[in-house]
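[1] what would the 3D arrangement of this be:
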Amino acid sequence: MATTPNNSAHVTVGKPKVGGAIFWAPLGTALPTDATTALNAAFANLGYISEDGVVNSNSPESDDIKAWGGSTVLTTQTGKTDTFQFTLIEALSVAPLKLVYGAANVTGDLSTGITVKANDTQQDSGCLVIDMIMRGGVLKRIVLPSAAVSEVGDISYTDSDAVGYQTTLTASPDTTGNTHYEYIVDPTAAEAAALSAEPTSEQGGTASPTTTTEEA
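    As a prediction, the model looks like this:
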């Protein structure tokens, strides 16, 4: 079987999509199934994220079964927690506050006054979308069909650092057992491929009708 050679053009970094990178919507909102489709209007932009970006932990948890004498004879997977962590730094915006404290616990806006209630009410799960731009304009989108805030880090108020909410979300499996989806596409290459696939008149496409004039 032929192997693909190393290609440095496939080495990339992940930058936030301009205009918004992380979006949150109520559970059951229609989800995108590619990297380019516009998001449903129910998705709220969570604003700027700290320079640490997004960290995804998706490592299997396992147990080793040992035989008499100490040799490991079987490793069984006991779980596979899928979490996403990032720090929200738009502390004066309603959308990130609703994610951290729960939608029902945040009311108002800056012009009328924002009220935040901190309590132990169980927060609702929701849908999360992360949009990134990779090397060469390649688009990557991560979609979590169902996720809930599982941890919020300490919140520091100082005169030198931005107020931030280090937020961890744990994804739950959907009806097919998947906790998140990743969609990656080079939009320029995809458009070129689509154009080259369009049939022409020589390839069996529909030719333009020709109008003739009969002589009297």
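[2] quick one: the helices in this protein?
    94-101, 187-197 (DSSP state H).
[3] hmm, who's touching the first one?
    Residues external to helix 94-101 that are found in contact with it (C-beta atoms under 8 Å, 6 or more residues apart in numbering): 24, 44-47, 88, 90-91, 105-106, 108-109, 114, 116-118, 126, 149, 152, 165, 167. Bear in mind the C-beta positions are built from the backbone N, C-alpha and C, glycine included.
[4] any of those residues buried? List them.
    Those of the contacts of helix 94-101 that meet the buried threshold are 24, 44-47, 88, 90, 105-106, 126, 149, 165, 167, by 16 or more other C-beta atoms under 10 Å.
[5] which two from those end up farthest apart in space?
    N45 and N105 (19.6 Å; C-beta to C-beta).
[6] leaving out the residues flanking it, which one is nearest to V18?
    Excluding its sequence neighbours, the residue lying closest to V18 (C-beta to C-beta, 6 or more residues apart in numbering) is I133, at 7.6 Å.
[7] number of nearby residues for that neighbour?
    17 (other C-beta atoms under 10 Å).
[8] hmm, N58 is touching D82, no?
    Yes - counting by C-beta atoms under 8 Å, N58 touches D82, with 4.8 Å between them.
[9] beta partners for T167?
    F86, V152 (DSSP bridges).
[10] and G108, how far from T121?
    18 Å (C-beta to C-beta, to the nearest Å).
[11] and the strands in the chain?
    15-16, 22-26, 44-45, 55-57, 60-66, 72-80, 83-88, 106-107, 115-116, 126-133, 139-152, 165-171, 181-185 (DSSP state E).
[12] these: which one's closest to A2?
    Short answer: strand 181-185, nearest of the strands of the chain by C-beta to C-beta, at 22.6 Å.
[13] for the closest one, what does the pLDDT average out to?
    Averaging pLDDT along strand 181-185 yields 97.
[14] tell me which residues are up against it.
    The contact list for strand 181-185, computed with C-beta under 8 Å, 6+ apart, reads 32-36, 134, 138-143, 145.
[15] swap in 6 Å and give it another go.
    With C-beta atoms under 6 Å, 6 or more residues apart in numbering as the test, strand 181-185 has contacts from 34-35, 139-143.
[16] and it, what's buried?
    Quick answer for strand 181-185 (16+ other C-beta under 10 Å): 181, 183.
[17] and for stretch 128-139?
    Of the residues in stretch 128-139, those buried (16+ other C-beta under 10 Å) are 128-134, 138-139.
[18] please apply the same query to stretch 97-112.
    97-103, 105-106.
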